[in-house]
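Novice: Pasting the sequence and the predicted model now:
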Protein chains: 6
Amino acid sequence: MFRQAGFLISTNSRSYFPAVNDPELSIVLMRAQEIPRYVSEGVLDAGISGFDWILENNADVVEVADMVYSKSTAKPARWVIAVAENSDIQTVADLEGKRVATELLNVTKKYLQSHGVTASVEFSWGATEVKVPELVDAISDITETGSSLAANKLRVIATILETTTKLHANRSAWDDPWKKEKLENLSILLQGVLLAKSKVGIKMNAPEEALAAILDILPAMKLPTISKLVDSKWVAIEAVLDETQSRNLIPVLKSAGAQDIIEYPLSKVIP
Amino acid sequence: MFRQAGFLISTNSRSYFPAVNDPELSIVLMRAQEIPRYVSEGVLDAGISGFDWILENNADVVEVADMVYSKSTAKPARWVIAVAENSDIQTVADLEGKRVATELLNVTKKYLQSHGVTASVEFSWGATEVKVPELVDAISDITETGSSLAANKLRVIATILETTTKLHANRSAWDDPWKKEKLENLSILLQGVLLAKSKVGIKMNAPEEALAAILDILPAMKLPTISKLVDSKWVAIEAVLDETQSRNLIPVLKSAGAQDIIEYPLSKVIP
Amino acid sequence: MFRQAGFLISTNSRSYFPAVNDPELSIVLMRAQEIPRYVSEGVLDAGISGFDWILENNADVVEVADMVYSKSTAKPARWVIAVAENSDIQTVADLEGKRVATELLNVTKKYLQSHGVTASVEFSWGATEVKVPELVDAISDITETGSSLAANKLRVIATILETTTKLHANRSAWDDPWKKEKLENLSILLQGVLLAKSKVGIKMNAPEEALAAILDILPAMKLPTISKLVDSKWVAIEAVLDETQSRNLIPVLKSAGAQDIIEYPLSKVIP
Amino acid sequence: MFRQAGFLISTNSRSYFPAVNDPELSIVLMRAQEIPRYVSEGVLDAGISGFDWILENNADVVEVADMVYSKSTAKPARWVIAVAENSDIQTVADLEGKRVATELLNVTKKYLQSHGVTASVEFSWGATEVKVPELVDAISDITETGSSLAANKLRVIATILETTTKLHANRSAWDDPWKKEKLENLSILLQGVLLAKSKVGIKMNAPEEALAAILDILPAMKLPTISKLVDSKWVAIEAVLDETQSRNLIPVLKSAGAQDIIEYPLSKVIP
Amino acid sequence: MFRQAGFLISTNSRSYFPAVNDPELSIVLMRAQEIPRYVSEGVLDAGISGFDWILENNADVVEVADMVYSKSTAKPARWVIAVAENSDIQTVADLEGKRVATELLNVTKKYLQSHGVTASVEFSWGATEVKVPELVDAISDITETGSSLAANKLRVIATILETTTKLHANRSAWDDPWKKEKLENLSILLQGVLLAKSKVGIKMNAPEEALAAILDILPAMKLPTISKLVDSKWVAIEAVLDETQSRNLIPVLKSAGAQDIIEYPLSKVIP
Amino acid sequence: MFRQAGFLISTNSRSYFPAVNDPELSIVLMRAQEIPRYVSEGVLDAGISGFDWILENNADVVEVADMVYSKSTAKPARWVIAVAENSDIQTVADLEGKRVATELLNVTKKYLQSHGVTASVEFSWGATEVKVPELVDAISDITETGSSLAANKLRVIATILETTTKLHANRSAWDDPWKKEKLENLSILLQGVLLAKSKVGIKMNAPEEALAAILDILPAMKLPTISKLVDSKWVAIEAVLDETQSRNLIPVLKSAGAQDIIEYPLSKVIP
């Protein structure tokens, strides 16, 4: 993603401090779980990590940007409490006195406390979803589609939180105008890259009399770019569409008189 | 190819029923050999497979589209009958009483019958081309460039059929207007992707007085898009070219006065 | 690179004579070290190899083009003489009577002779940088960033030559007008590909009143392409930028009033 | 297995006719499905393939040896008819009029006929177990542990046949005394290798007074090898045990007075 | 190791509950860090994990056996406190008020407390050794040869503990005579495998008059097995040696008159 | 091979100076081509490389041992001069004035001089066998089975030399008694490993009356080890056989009355 934003990051296979072709930036590769802690402590000025780990570290940081793809299609990941399909446990209240394994220790403990439940919450070093029911009664684990939970014959009884990736900053760094501007510009570029992943560029030619119909078809976004061709009754139309819109509209545009439709990939889209 | 057509297909490593981000479509991954049978039986509404396997299954289906790349460069694959280089067999007639191995059992049998030849045609489970001459007298096998046949020291004595990939539909599905339109739209998108593989987009600026010469150079296709630049004597010219044309024309266009020529990749081209 | 220049090269995994979709070209894959020798002897009409190996082979060839990426960012590789960090050897003169291992035998010998130094220069078949100090006193080796030398605790005492990749031709072939033109056209395409690697295309819309500010921001290159949109007070602006420029300018352009900025990848740029 | 039997087979990566260091043997690598056909036709003198494929090819061959590991632990693979877990189909009779996919076409057809069932049995080119219930009503597939069937939510309703790997010979080849002896010797060696896979060699020293107890522990096989040590009251005992026996007996032997127990791997065991 | 001990463990690629061919055993694959916790809680009867993780989990378990290879050659791994080579920190006392990252949180905290040092000890999710000095002042990390520490330019200032792999049991399980015997037998087998890794079997023939010299050479272990050959003045001598002894003694034995010396691999050695 | 000889060599993935568990040895990994040069110059005391590279470097070294597997089965590799199958060149004399590519430059030049032929011999950096006929007229290349030459349609016209792997020593090192003994002992161990690769250990029990017949069958080697079993009319027989002998003799031994024949692998055999 940084590559496409214009930053060339050269990592040796084993280095956690890769070089980057911007003298104003220093980059550290680190596990997502640890980043918010080092940002909040001021060891790092800013980081990219999940909202879940910001909460787990109880990290007091500034959220600069939400790094999500298209809002329409991507669902955020969720941390859920799950039990064996055939377990007697039906609600959070049933976890009283039970054992729960999770990588998200603090958040899970707080959640259970806030529901008045006293349970033994244990840190899990991985493969959490296979521990039910042999080793623990329930787990708190992350899921996107639920397919891994289903494959392990687990049933969700509660959602603890939804989480997305956040560009976040240390509070002192954010008070420094130069760092703040640098982070805002970085945010523009990274979000431009994310937006481009779900968009395509499209161009077509059309006779002037078909223009109105074509503009009706193109979605209610900012006006497409229309330019009149030299010495002719034809216009060239350019637009940026969601990839799924493009899939649906191309046959319709063709029927409406558009010709020489081409679609091309985009690297960044800044609205 | 579906990815580039706008359909996001997410396959788990072992699933044959991948998810697709179009609620109107369900997808099954299947061996090419079996697809036409299931389409003709109505288990599937449509399939993508070779013409050879449509014939082998004796499948009564509707051909929706030929999925070939650029017509000028791609040669269709051929099923041929081949014998050892130093075999006495010279013509199809010489196969009388011989043993032939092939994966395309029914088509090969019919071909020999239509030539009045009685031979033992055996189903081959693979590695057909190494069976001559130790195990069989001849094979019926598919070839594109003939290089695998040559490497196995085989000589072609007849071509049974040429085959390309076909989008094909079940006859009843095709009679359903909604399914027919869905398939036609899918066909437009997939062929747009195929066409884009051999095309590039090209743009250049030129002084107005060079325009005529440049238009002479650009091939006899639909008119290129020409737009006059603001407050200048320059025009911008855009065109879509075959990749091999672009290779040849770029030096010529430069000589004719074009400047700032850029070439960019295309994802879909719908004429 | 040839692929992007429009030449489809199909190599079998073990073939050194790949097919190419241009009947006017024949291609041989060969070690860089040997290419200039075969070009100078006329076995090949032209080759792509490093300047270092042209010198090593003492090859009398025509340099057609320098195949470097963007001049601003890429540093040429260097052949250097290096010794152990803690060696007594400080200058080239200190190599008198010492043993030097290198893959670039002739060039290194000449360099030492020209400095009046008599040393034993031995051909190294590889892994040259680990031979100091156990096996030899110094090495002559190629380096780009110096990181491999540092990792082996070596210290550079002299630079023998800088080298870049060269498209070079046999002198007789260059005298043949048809071959010369073919090579010049090939050079245009390959350099167009190289240039495109550090460039991006950018488009944006802007109200006419913001145009002047935007043009001030865009770097002092050839004029960007500006076209007036139909029936509006808006213009569309297109430009080609260095990737690192794009990264820096996008936030500025947005502040200056540009909207719907999109960036897209380029395959070739011919100025 | 041939390697351990003393035959060095050198296969190039793509050759189906590997070299073997026994001038009396020629080897062809071939799909298991095709081997019995070529053996029965006399193209090959002998083959190693499954009993299932001998039946499927209706191949009239001589069974030379059953190539099974230890009888006690290995279960033969089974071809079973399976349906979706929640299917209405409970017995073979319920398959009347249904569609069944299988790679074992002829055997499956005969089985259904012998049960008086008329069903459509279709050849499957692979991935048979995922075809239920979307594409067919039932499958006939091979299974060892049943875990793949369970993972695909299938239920077994009948077992068609059990199958093991067979060394089998062409009838005419078997009538040739030289070939018969060669095959019998080969059979001794291959079965010696198979037997060795589940066996270990074991040695121990013991005082003479412990010998009787130790011999009681060693299983009722042929007498172990006992040799008296020179100038001492100790004996050395050697035996060959099943690997699982060894696991259980070593602690018991130690308790009974055995010392310096060593276990070592075996390459061949011929009783 | 279990394989060589006679237990066939069949793991599917993603299963943490592999099958084992001993109906008296159930096996769970789990991260070493978690095993002692589940053993001490009685979820598991016994486990194999490091002494470090037994301490970290404060697990009250029975140590059944130390799973070390040859005592003479293998050094136990150590957890050490390390700082940057050029750091001012020289002793544990200098860590007062500093930040320390480690995967072994509890043990490290206790160690510092016992030395009267108050420091911020943070849990590290991995790649601990690259965090000094950019992210923390010191680390507590595991090392065998120290080469990874050296490569990261770290200096050891203290050793917290030495650790080896332990077969350990739950206290209640150990009180169950059947389980205790099962674990003791398992311990015999596993240690037999470990011992065999550094041992070889050796056999030789020798004339009787050379026997005394040969016995002098063989190390002062239990008596080698000597058996008189039938009808000859020769004896056969068998012994089990350390692999490194064998390397040194074979030439000496040959000089002393031993002939036909063979060395063979061992699977288990129980003294 | 060193591993099996009792030396544990631990190489990091990129180190050319691996550690070895013998304080009297230091090991350098190096290309075979360079080893004899460094041995002859005294930089190394001894090396393992091919006889070809000893000649190519004109290295004056002591041959300590020939590192060949079983003499009966392994053929030494050969350096041959080869030309295109359909070339006019038939004999070495026909190479007059031609161009020859080879990695073995000096040896090839000397060979041609000794045959009175003047040819241009060029150093080849690899892939030598594909250079005929496009780039050179002939090559001098190494071959074992000739299959690579055949695949490149080359014809051998002369054999320059046969080559095997040699343990060789520097002359001064060999004059040092301690080094000489160390090398001789190393030679014993390495040759013991090589010999063991083609041998197997075999044991059997037999009734005394069958002993004579069995001894007749066992090859005319040193006497097999025969020991009388306690309290029985049976003997135990042990022998070491070539793997191919074992393959042939096992069925014969069984017919002669041998029972409980077991074969086991060997790590070293010192006659």
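Specialist: That came in fine, so what should we check first? None of the values given here were measured: they were computed from a predicted structure. Numbering: from 1, shown residues only, chains lettered A, B, ... in the order given.
Novice: Just to check, A:Asn170 is in contact with A:Ala46?
Specialist: Yes. Counting by Cβ atoms under 8 Å, A:Ala46 is a contact partner of A:Asn170 at 6.8 Å. C-beta here means a position set from N, CA and C on the backbone, and glycine is covered the same way.
Novice: Quickly list what's touching both of these two.
Specialist: A:Val39 (Cβ atoms under 8 Å, 6 or more residues apart in numbering or on different chains).
Novice: can you pull the contacts of A:Gly201?
Specialist: A:238-240, A:263-266, C:262, C:264.
Novice: Closest one to chain F out of those, please.
Specialist: A:Pro265 (37.6 Å; Cβ to the nearest Cβ).
Novice: Look up the residues forming beta bridges with that closest one.
Specialist: Beta-bridge partners recorded for A:Pro265 (DSSP bridges): A:Val200.
Novice: can you count the residues close to it?
Specialist: 17 (other Cβ atoms under 10 Å in any protein chain shown).
Novice: circling back: looking at A:Asn170 and A:Ala46 now, which is surrounded by more residues?
Specialist: Neighbour tally, A:Asn170 and A:Ala46, criterion other Cβ under 10 Å: the higher count belongs to A:Asn170, 24 against 21.
Novice: ok, now which ones touch that one?
Specialist: A:39-40, A:42, A:44-46, A:61-62.
Novice: how does it look with 7 Å?
Specialist: A:Asn170 is in contact with A:39-40, A:42, A:44-46, A:61, counting by Cβ atoms under 7 Å, 6 or more residues apart in numbering or on different chains.
Novice: most surrounded residue in those?
Specialist: Top of the contacts of A:Asn170 by neighbour count (other Cβ under 10 Å): A:Val39, with 26 neighbours.
Novice: For the strand or helix carrying that residue, what is the distance to the chain centroid?
Specialist: Assigned by DSSP states H and E, A:Val39 falls within helix A:35-40. Mean C-alpha position of helix A:35-40 versus that of the full chain (Cα atoms, centre = their mean, to the nearest Å) differs by 19 Å.
Novice: now swap in stretch A:60-67 and tell me
Specialist: For stretch A:60-67, the distance to the chain centre is 13 Å (Cα atoms, centre = their mean).
Novice: which of the residues in that stretch are buried?
Specialist: A:61-62, A:64-65, A:67 (16 or more other Cβ atoms under 10 Å in any protein chain shown).
Novice: What lies in contact with that stretch?
Specialist: Under Cβ under 7 Å, 6+ apart, the answer for stretch A:60-67 is A:36, A:39-40, A:46, A:48, A:54, A:164-171, A:174, A:183, A:187, A:190-191, A:194.
Novice: Please indicate which of those residues are buried?
Specialist: Using 16+ other Cβ under 10 Å, the buried members of the contacts of stretch A:60-67 are A:36, A:39-40, A:46, A:48, A:54, A:165-170, A:174, A:183, A:187, A:190-191, A:194.
Novice: ok, and the closest non-adjacent residue to A:Glu103?
Specialist: A:Ser124 (5.5 Å; Cβ to Cβ, 6 or more residues apart in numbering or on different chains).
Novice: next one: phi and psi at the residue lying closest to A:Asp88 once chain neighbours are set aside?
Specialist: Excluding the flanking residues, the one nearest A:Asp88 by Cβ to Cβ, 6+ apart is A:Asp94, at 7.0 Å. When read as degrees, to the nearest 10, the backbone of A:Asp94 gives phi -70, psi -10.
Novice: can you give me the helices in chain A?
Specialist: For chain A, applying DSSP state H gives helices covering A:2-5, A:35-40, A:51-56, A:105-114, A:147-151, A:171-175, A:177-197, A:211-217, A:243-255.
Novice: got a markdown table for those helices, with mean pLDDT too?
Specialist: A markdown table is the format used below for those (pLDDT from 0 to 100):
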| stretch | mean pLDDT |
| --- | --- |
| helix A:2-5 | 86 |
| helix A:35-40 | 96 |
| helix A:51-56 | 97 |
| helix A:105-114 | 98 |
| helix A:147-151 | 85 |
| helix A:171-175 | 98 |
| helix A:177-197 | 95 |
| helix A:211-217 | 91 |
| helix A:243-255 | 92 |
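Novice: between these, which one is nearest to chain E?
Specialist: Smallest distance to chain E across these (Cβ to the nearest Cβ): 5.9 Å, for helix A:35-40.
Novice: Relative to A:Gly201, how far out is the residue most central in space within chain A?
Specialist: Centrality entry for chain A: nearest residue to the mean C-alpha point is A:Val68, 3.1 Å, by Cα atoms, centre = their mean. Applying Cβ to Cβ, to the nearest Å, the value for A:Val68 to A:Gly201 is 22 Å.
Novice: Please tabulate the buried residues of stretch A:60-67 in JSON lines, including the columns pLDDT.
Specialist: Listed next are those as JSON lines, based on pLDDT from 0 to 100:
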{"residue": "A:Val61", "pLDDT": "98"}
{"residue": "A:Val62", "pLDDT": "97"}
{"residue": "A:Val64", "pLDDT": "97"}
{"residue": "A:Ala65", "pLDDT": "95"}
{"residue": "A:Met67", "pLDDT": "91"}
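Novice: Of these, just say which sits nearest to chain D.
Specialist: A:Met67 (36.0 Å).
Novice: what's the neighbour count on A:Trp178?
Specialist: 9.
Novice: got a list of what the residue in the stretch 101-250 of chain A that chain F sits nearest to touches?
Specialist: Residue nearest to chain F within the stretch 101-250 of chain A: A:Gly126 (25.9 Å; Cβ to the nearest Cβ). In this structure, A:Gly126 makes contact with E:Arg31, judged by Cβ under 7 Å, 6+ apart.
Novice: got it, and A:Thr244?
Specialist: By Cβ under 7 Å, 6+ apart, the neighbours of A:Thr244 are B:6, B:21.
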